[in-house]
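Colleague: A structural model of the following input is requested.
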Amino acid sequence: MSDCIFCMIRDGDIPGRKVYEDENVLAILDMSQVTPGHTLLIPKKHVRNIFDYDEELASKVFAAVPKVSRALKDFDSEVQGLNILVNNEEVASQTVFHSHVHLIPRYTDEDDCGVEWANNEGLYSDEELDKLQETIVNEVEEA
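Modeller: Next up is the predicted model:
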């Protein structure tokens, strides 16, 4: 896509700080650097988000995650952990509509990054959870 920033970086039309590249994926430093080393792993094939992946693309993209993640852990002895985040569609905070995986090194539990989960235990009845499970299982089987 001619107006996609990640496609332009892939094609060399604009600069990007590449940290890894193979025939299927490109990894660049995120311009915003939530924490030092914040990296975006991007499929070279333009796809909007995870909903557009097929199994082959998924295997190629996600095969690179451990390799780049280990490099991020090893580049700084202060790295204590790593968040792996994929935002899909606006409601899930996707802002660039070329799929990408955020790899965010974590240094302390007081750095500028956080993921907080609501505790909804007990909010749904066993019947509601059974129905939810059944519905999702049926969708997976049809996919």
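
Colleague: Could you give the bridge partners of Asn83?
Modeller: Per DSSP bridges, the residues bridged to Asn83 are Ile104.

Colleague: Wait, it touches Gly114, no?
Modeller: No: the pair formed by Asn83 and Gly114 falls short of the contact definition of CB atoms under 8 Å, at 9.0 Å. Yep, even glycine has a C-beta here, placed from its N, CA and C like the rest.

Colleague: Please say which of these two ends up with more neighbours.
Modeller: Between Asn83 and Gly114, counting by other CB atoms under 10 Å, Asn83 is the more crowded of the two (15 against 10).

Colleague: so who does the more buried one touch?
Modeller: With CB atoms under 8 Å, 6 or more residues apart in numbering as the criterion, the residues that contact Asn83 are His102, Leu103, Ile104, Arg106, Cys113, Val115.

Colleague: Could you do Asp111 as well?
Modeller: Thr35.

Colleague: In a strand, it, correct?
Modeller: No: using DSSP: H, G, I helix; E, B strand; the rest coil, the assignment for Asp111 is coil, not a strand.

Colleague: any idea how far Ser32 is from it?
Modeller: Counting by CB to CB, to the nearest Å, the gap from Asp111 to Ser32 is 14 Å.

Colleague: where do the strands sit along this protein?
Modeller: In order along the chain, the chain carries the following strands (DSSP state E): 18-21, 25-29, 39-43, 81-85, 101-106.

Colleague: Of the contacts of Asn83, grab the buried ones for PyMOL.
Modeller: Listed next is the PyMOL selection for buried residues among those, using 16 or more other CB atoms under 10 Å:
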select buried, resi 102+103+104+106
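
Colleague: Select, from the contacts of Asn83, the two members most distant in space.
Modeller: Between any two of the contacts of Asn83, the greatest separation by CB to CB is 13.8 Å, found for Leu103 and Val115.

Colleague: Good, we can wrap up now.
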